[in-house]
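Participant: Got a predicted structure plus its sequence, pasted below:
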2 protein chains.
Amino acid sequence: MDEGDQALPAAGAESPRRVAAVPAQSAAPDAAAAADRVAGAGRPAGVGRPAGAGRAMGAIRAAGIKEVAAAAEVSLGTVSNVLNRPQLVSPRTRARVERAMEELGFVRNESARALRAGSSRILAYVMLDPSNPFFTDVATGIEEVAGAADLSVFLCNSGEDAAREARYLDLLLEQRVQGVLITPVDAANERLRTLPARGTPVVLVDRVAGAGEGCSVSVDDVLGGELAATHLLERGHERIAFVGGPDTLSQVRDRRDGALRALERAGLPPDRLTVLATGALTVAEGRGAAERLIGLPAARRPTAAFCANDLVALGLLQMCVGLGVAVPGDCAIVGYDDIDFAAAAAVPLTSVRQPRRLLGRTAAELLLDEANNPTHEHQAVQFTPELVARASTVG
Amino acid sequence: MDEGDQALPAAGAESPRRVAAVPAQSAAPDAAAAADRVAGAGRPAGVGRPAGAGRAMGAIRAAGIKEVAAAAEVSLGTVSNVLNRPQLVSPRTRARVERAMEELGFVRNESARALRAGSSRILAYVMLDPSNPFFTDVATGIEEVAGAADLSVFLCNSGEDAAREARYLDLLLEQRVQGVLITPVDAANERLRTLPARGTPVVLVDRVAGAGEGCSVSVDDVLGGELAATHLLERGHERIAFVGGPDTLSQVRDRRDGALRALERAGLPPDRLTVLATGALTVAEGRGAAERLIGLPAARRPTAAFCANDLVALGLLQMCVGLGVAVPGDCAIVGYDDIDFAAAAAVPLTSVRQPRRLLGRTAAELLLDEANNPTHEHQAVQFTPELVARASTVG
DNA sequence: CCCCTTTAATGAAAGGTTTCAACGAGCGTG
DNA sequence: CACGCTCGTTGAAACCTTTCATTAAAGGGG
């Protein structure tokens, strides 16, 4: 931030967008920065100074309950009562206190409140991948419930990285959050057990809780996989590819197992399912899988693909179309999650829909129950998925 | 949660996935719930109880610094030193204290720390729409910088709703967060000025700060619009549609103005730009715009469309392909943001790329500077966008 | 007119951490 | 041997709110 300044025109410049000659910037040229700068994007075009700007103005030390009490000529406890139990305070005094708060610009200090209360009014949702609309929809459901209970939601992004996940969980414990909702990367993470033991309830989202692991909310992924594969079998496909990974994700395993179950029911041998493993559930990995799929000898090449999620399916779809493989003619495709982009793809994607918002809402409700209800019983709630057929399978 | 229980089989059931006969569930059938339940998805398939589950076990009251001090037979201040200034403590004592912390399972209480420090170790990013990958990428950049400074990032979703935005800002002020990064819905929100006045720095993201408004980091949207339109003009299009809205978003206005500037430079009258306004920047709105576009009389129908963001462009693209309008043959399309899905669309989308991660990183750096550097000067940093040409314009 | 009840307001304690001035011990120097 | 230093440790105060037992005042009934 510093170097950019000296080359600026005289201080007090009026134009906020004035272009400075010096492009230097404290955004250090680290590896990550370099990635974004590829192809020339990202060089700051201008560094200006908004009119009237100067050094940060000295912040007025925030007025506390004490100052308010003094201004309203009441005791400290009375101010607290106005905030928390207004019905105990006479209308006259209440008005006086409220006026004082107004005048002093009083803002409650949540830290002090949380310290006193022993826990902060925050729920956290640790998610695998915020760029996957599935998780943001779940988050929306969580926010609905949390908002109604006057709690805020702290969204944390584990990025499918176990270490980051662990770091966030530690952090949340330090914050004494009311509870944690999590779609874990690593089901074996000991913190999933130590947090509840230390008084911070944890609810698993999109994952089934094992013995003694507390509450969970999930969708029957085995059934979802079966629905997808059955749909393809019914449309006459007898060789199916399963595209997804890594195998450490239970969602991937379950969906694949469901597909195998469908084959079995149809009386077909399990080797009719060709597994194409991917390193992650992303669009890029889907594209990569397409090349492998198309590279298979024609005799063994599946005529349909079931992908572990929609991102992978969209990548696969794009590559197929690009390489001249007709969808669904040469290769039918089924995704999973039914994200908005699934319907929006140029060949709208058949997908397995999950009740995403409801998933989030239910999880949040279980969490609140666990946090507040002393007679809480752990539950593993499981919802039913549903197949949405679109053009990628129905020619 | 309550009704689900009584119909369960005998307590102590071992199977976590046991199916209960009673589908009832405390997830109330409110309006939002109903939306998700459309088409039958969302009915809980089962409510089970993980083996070994019971009422929440009484949490052990967390050990504090005091207990640790007692256990290690040192003073309270020494424990604090071990945590914050370990070099001041002799190795012997430090080891003793660390062992005590280990044994007691000591976890720092962030609330107390924040109370004492006057601010919590949290940055917040208030974003318009977490389901738009543009914002999650910006968030990733912010997290990189915050993580390096040992701060956590609180992600807040305003959902393009001014009231929610206001509520979050109030909340963040109460939390005494270190600073707020925001892509505001409502540039006129007075809180954008009151927060800094109360000592919480605010940096605008993807929006240019006006006079006396503090720091901002943005991309030159006018230039971006110009790049997009120029690209289309160079490819021979002389009637262009601009698809986007609402007009209250400065991004929309600027990008449109940039397109107009391109027309002007090319010596064409401004009425060659047909504006198709949308209510939001979503896939669904893009689809709707497609119908209006195709409905125009052939003589006035543009041969190309420039969309205010990629979501709108993808919706438009999908609908065009679905309705038999060849892309780019009958209608070329340019998007904005270059989100991953843009390249992944079946007709890969030409788009205007913004340095998203860098945007986030720079914003976070400005914020940290403002929070920590007493000689901080407000800056309006602006980056340059870049056009990425793909098949949706290049036949 | 006094006592008892109800209502309103008070003051102090507690919650866990950080900071800082002060203290004591050990050591080298004069 | 005494002085002054440094190093390691200490104890208390401060941060701001909430809670609760207590006091004071007002009102009603006997």
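Facilitator: Cool, got the structure. Numbering: from 1, shown residues only, chains lettered A, B, ... in the order given.

Participant: So is the helix or strand hosting residue A:369 next to DNA strand D?
Facilitator: Remark: residue A:369 resides in helix A:356-372, with elements defined by DSSP states H and E. No - judged by C-beta under 7 Å from any atom of the strand, helix A:356-372 and DNA strand D are separated, with a smallest distance of 13.8 Å. All C-beta atoms are positioned from the backbone trio N, CA, C, and that covers glycine.

Participant: who does that helix touch, helix- and strand-wise?
Facilitator: Of the remaining helices and strands, those touching helix A:356-372 by 3 or more C-beta pairs under 8 Å, 6 or more residues apart in numbering or on different chains; DSSP states H and E are strand A:122-127, helix A:133-148, strand A:179-182, strand A:202-205, strand A:215-219, strand A:380-383, helix B:31-37.

Participant: And the ones you listed: which comes nearest DNA strand D?
Facilitator: Comparison of the helices and strands packed on helix A:356-372 against DNA strand D by C-beta to the nearest atom of the strand identifies strand A:122-127 as nearest, at 14.8 Å.

Participant: Is it correct that residue A:310 is in contact with residue A:349?
Facilitator: Yes - if you go by C-beta atoms under 8 Å, residue A:310 and residue A:349 touch, sitting 6.5 Å apart.

Participant: what sits in contact with each of the two?
Facilitator: Overlap between the contact sets of residue A:310 and residue A:349, as judged by C-beta atoms under 8 Å, 6 or more residues apart in numbering or on different chains, is given by A:335, A:342.

Participant: the domain parsing of chain A - what is it?
Facilitator: Under automatic domain parsing, the residue ranges defining each domain of chain A are A:18-30+A:117-219+A:357-383, A:62-97, A:221-354+A:386-394.

Participant: roughly how far out does stretch A:189-202 sit from the chain middle?
Facilitator: In terms of C-alpha atoms, centre = their mean, to the nearest Å, the gap separating the centre of stretch A:189-202 from the centre of its chain is 20 Å.

Participant: got the residue ranges for the helices in the stretch 151-300 of chain A?
Facilitator: Counting by DSSP state H, counting those that start in this stretch, the stretch 151-300 of chain A has helices at residues A:162-174, A:191-197, A:221-234, A:250-265, A:283-295.

Participant: and stretch A:249-256, does that touch chain B?
Facilitator: No - applying C-beta under 8 Å from any C-beta of the partner chain, one finds stretch A:249-256 separated from chain B by no less than 11.6 Å.

Participant: same deal with stretch A:191-200?
Facilitator: Yes - figure legend: stretch A:191-200 in contact with chain B (C-beta under 8 Å from any C-beta); contacting residues A:194, A:196-199.

Participant: Throw the helices and strands packed on helix A:356-372 into TSV and include mean pLDDT, thanks.
Facilitator: Supplementary listing: those in TSV, determined by pLDDT from 0 to 100:
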stretch	mean pLDDT
strand A:122-127	94
helix A:133-148	92
strand A:179-182	97
strand A:202-205	96
strand A:215-219	96
strand A:380-383	96
helix B:31-37	38
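
Participant: Of these, which is nearest residue B:163?
Facilitator: Smallest distance to residue B:163 across the helices and strands packed on helix A:356-372 (C-beta to C-beta): 11.4 Å, for helix A:133-148.
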